[in-house]
Every structure is written in C-alpha cells, then in structure tokens.
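Q: Provide a 3D model corresponding to the input given below.
(chains A, B, C and D)
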2 protein chains.
Amino acid sequence: MKILLVDDHALFRDGLKLILKQVGEVVEISECGSCDEAYQIIRESEGFNLILLDVNLPNISGMEGLQEFRELDPSAPIVFLSGSDDHRLIKKALELGAMGYIPKTLSSEIIIQALRLILKGGRYVPDNILQGTGELSRSEISLTARQTEILNLISQGKANKEIAAILGIADNTVRVHVSAIFQILKVNNRTEAAFAALQEGLV
Amino acid sequence: MKILLVDDHALFRDGLKLILKQVGEVVEISECGSCDEAYQIIRESEGFNLILLDVNLPNISGMEGLQEFRELDPSAPIVFLSGSDDHRLIKKALELGAMGYIPKTLSSEIIIQALRLILKGGRYVPDNILQGTGELSRSEISLTARQTEILNLISQGKANKEIAAILGIADNTVRVHVSAIFQILKVNNRTEAAFAALQEGLV
DNA sequence: TAACACATAGTACATCTGTACTATTTGATG
DNA sequence: CATCAAATAGTACAGATGTACTATGTGTTA
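A: Take a look at the predicted model:
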C-alpha cells in the first residue's frame, strides 16, 4: 500500500500518518508540502494507491493541481483534505474527479472509516457538507464566462473603462454585463459585488 | 504540567499531542475545538501551564477570544497556532500578550524547541514572520478611528449617503474621509479600497 | 497660549456609475 | 430552420462618486 500525503502542515501530516497506519497494511507513506514536490515524487515512483491532497497549499493549491495529479497517476484515487468546511469547493472537487473530501475537523475514527471506504473504490463526503452543497445548488449562482471575467476585474477595483480596455470591448458593453451581474448577485453596486464574489467563492 | 489545546482540527490535535509528550513531563492535556468549550474547561480546572490556541476557530476566533483567556487564567502563557503564515495577525497577537506564534507548517522538531522556550518564560516567533512584520511596520498604514470605521462600511459596499446616515454625519463629511482614505491607501476608488483593506488586514 | 491633528460641513464641478431602452451578430439546440 | 441565450454596442439620463477648495469646532501637546 503506497500513500502520498500532500499538506504544508508538517504537524498535521504527523497526525495523519498515525491514522493511516490504522487504515490497513500500509507499506509506504510519501509526504511533502507542495504540489511541485508531489509531482516530483510521483514521477520518481510507480503509482500510488491513494493521494491525500490539501486544498490549500502555497503556490499551487490542491484544487489547481488536481488535473496534473490525475495525469501523472491516473489510477490513484485523490482525496481532498480541507481545513475549512468549504461548501463551495467540494462540488468542484467531485466534478474534477476527486474520490473524497475530508474536512480536517473530522475525528480520526471517521477519517479511518472514510479512507477504508475510498480504498475499496467508494466515495466519501461528510453529511453536513452534502447538505451544504444541496443548499448551494438550490440558490446556485451561475454566471457566464464573460460575466465571471468581468466580476473578477470589478473585484480588483477596475473601472468600466479599464475593463473595456482590457477586454477590448466598448464600455457600454461592459455596463450591460455589470448590470446583469448585479441582478444575478442581487447587489446594487460594484463594491457589494466584489464582497459577494468573495463570499460566494466566485473569484 | 497541564496544557490546554484549542483547535477545531481533531487530527491536528492528535499530531500535536504526540509532540507535546516530547516537550517535557506532561501530566495532562485537555483539548477542545472551540473557545466556548475552552472557557468551560478553564473554569472547571485550576490553571494551565500553557494554552495553545488556534487563530482560526469557528464562532469565536482565537484572536477574538484571547482577552477572555487572559482573564480566566492570567498565569497561563498563550501560544497561537496558525494555519497560514499570516504576517498581519502576529503583531496584534503579541501586542495582546501572546507568548508565541507557531505556524502549523513548522516541523515538529522546531515546535518542540519553541514550546520548551515558551514554557521557560520566553517568547517564540518564527524568523520569516518576524521579517514579515518588520516589512509591514516600515510601510505601515495608519488610519484614524473614523477612517477605519468608514473603510469598513465602504468594504461592505455602503454608499456615501448610507455611511452618512449610519454615522449620523453629513455625506460631504463622509466624502472628505473617503478621499483621505484613498490617499493613504494609494487607491482611486472604493472597490480598490475594499480590496486593499482586505489585503492589508485592516478590516 | 499657539500649533496641530482630527472631525465636521459646505460649494462646485467633472467624471463615473447604474439603469432602461433598442438592436445586431453568433453559436447552440430543438 | 426557428428559437434562444449570450455578447456586442449604441443612446439617454439620473444619481453617485471623487476632488479641490474653504471654514469651523475640539481636543492634545509643546
């Protein structure tokens, strides 16, 4: 059994290694604190049975690095570790092909059971997060690609003219998009929009 | 030796407990996942030799709860545990009387040494964070109380008129403050100001 | 007391913002 | 092919925003 553990918190890795020893016949645990190191380890290895990946990593976050992991080691199930019970990321993670999502707040007993489940080919997502995603999809906020692009620029404090220049379109067009974004986000000005974008994780 | 460990990540607590056993003659480790539970534990106990406190906790963050801890158990040194190497919080933490600041990314060996140092009455702050605070204090941004108040309202997307109504002053006065804030933050509009406020930790 | 920082408030003006319209083009879907 | 969603762009207008001034009252400090 080969497990790769990617988390920038050394102490958390220590704790998790103890747990992993209880999961089954662990032969080898590789560990590192960043995606770049992890890529290197995978290239030098011959496939892992499980990859545990923190969503919040310096430089490249786990979420950003997921695709690369899937390409480097397509057979290894990838499980996300998350410090915050982030309702938004989970759906994206599962869509991208993650086999599980484990908040670090979970007790070790539950983590052990979850990992056993995943190693047998199952998926694990904690109940409260599933409820969260359920609520989210009901009141889901969906912006078009252009709207998301413009919302990002708004959040950086760019004016309509600047956005128009950056995107190479007329500022009247930018206004139409901006108005549409405000209606969707149910806000009245760009600063509220930036605030909402942060809260909803749209940036 | 009595140690109180407050962190909402059960697994991290497990890892840290292992380390704490290496620090010295540990008699008792109490642990919990929130400030409220921690207050209860302290009330039912007779003083701790050390309190380890996560800065990011649900409901009441460690930073917010610090004062309460100091009142409930004035003799116990408080050490912050932080998931992110947050350059901004550390200064505030030390000002509030924390005896140390330990990023979770630190290796267990260094954590052990740091805790020993603190138990002997010293303070510990990792080098790279000290550098960070040094940089921060050089280019330090200081706003008046009123300016900070208004910056907060700007960050919430409030319009000048709304701010004026909330604070019970004329909107012309609000504009003067807003202009002053922009000059200090070196920005050109309220959304940039909100963005800057977030980045600089002024909210 | 004089000087200073801060908050307060006003006028004036150019510019930006946000909304309400209409209208065209393009790509996807039934 | 007809329809629809999305992006584009224009006009028009009310209101908000940001800046440049002046000016007053209130504490604090040298």
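
Q: So which residues of chain A form strands?
A: A:2-6, A:28-32, A:50-54, A:78-82, A:100-103 (DSSP state E).

Q: Could you tell me how far stretch A:38-56 lies from the centre of the chain?
A: Here stretch A:38-56 is found 16 Å from its chain centre; the criterion is Cα atoms, centre = their mean, to the nearest Å.

Q: coming back round to it: nearest to residue A:188, of the strands of chain A?
A: strand A:78-82 (32.8 Å; Cβ to Cβ). Backbone N, C-alpha and C define where each C-beta goes, glycine included.

Q: Kindly report the residues of chain A close to chain B.
A: A:8-16, A:18-19, A:33, A:56, A:83-84, A:104-108, A:111, A:154-157, A:159, A:187-195, A:198 (Cβ under 8 Å from any Cβ of the partner chain).

Q: Now for the nearest residue to residue A:104 once chain neighbours are set aside, how many residues are close by?
A: Excluding the flanking residues, the one nearest residue A:104 by Cβ to Cβ, 6 or more residues apart in numbering or on different chains is residue B:9, at 4.0 Å. Neighbours of residue B:9 under the rule other Cβ atoms under 10 Å in any protein chain shown: 26.

Q: any idea of the pLDDT on residue B:9?
A: Residue B:9 is assigned 84 on the pLDDT scale.

Q: For residue B:176, see how far away it is.
A: Distance, residue B:9 to residue B:176, using Cβ to Cβ, to the nearest Å: 46 Å.

Q: circling back: now mean pLDDT too, for the strands of chain A, in TSV please.
A: Converted to TSV, the strands of chain A look like this (pLDDT from 0 to 100):
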stretch	mean pLDDT
strand A:2-6	91
strand A:28-32	90
strand A:50-54	89
strand A:78-82	86
strand A:100-103	82
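
Q: can you redo the ones you listed as JSON lines with mean neighbour count?
A: Shown next, in JSON lines, are these (neighbours: other Cβ atoms under 10 Å in any protein chain shown):
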{"stretch": "strand A:2-6", "mean neighbour count": "22"}
{"stretch": "strand A:28-32", "mean neighbour count": "17"}
{"stretch": "strand A:50-54", "mean neighbour count": "24"}
{"stretch": "strand A:78-82", "mean neighbour count": "24"}
{"stretch": "strand A:100-103", "mean neighbour count": "24"}
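
Q: Where does pLDDT dip in chain A?
A: A:26-27, A:62, A:84-89, A:91-92, A:94-96, A:126-141, A:201-203 (pLDDT under 70).

Q: Not including adjacent chain positions, what is the nearest residue to the residue nearest in space to the middle of chain A?
A: For chain A, the residue nearest the mean C-alpha position is residue A:63 (3.8 Å; Cα atoms, centre = their mean). Excluding the flanking residues, the one nearest residue A:63 by Cβ to Cβ, 6+ apart is residue A:55, at 5.5 Å.

Q: In this structure the one you found contacts residue A:90, no?
A: No. With contacts defined as Cβ atoms under 8 Å, residue A:55 does not count as touching residue A:90, sitting 9.3 Å away.
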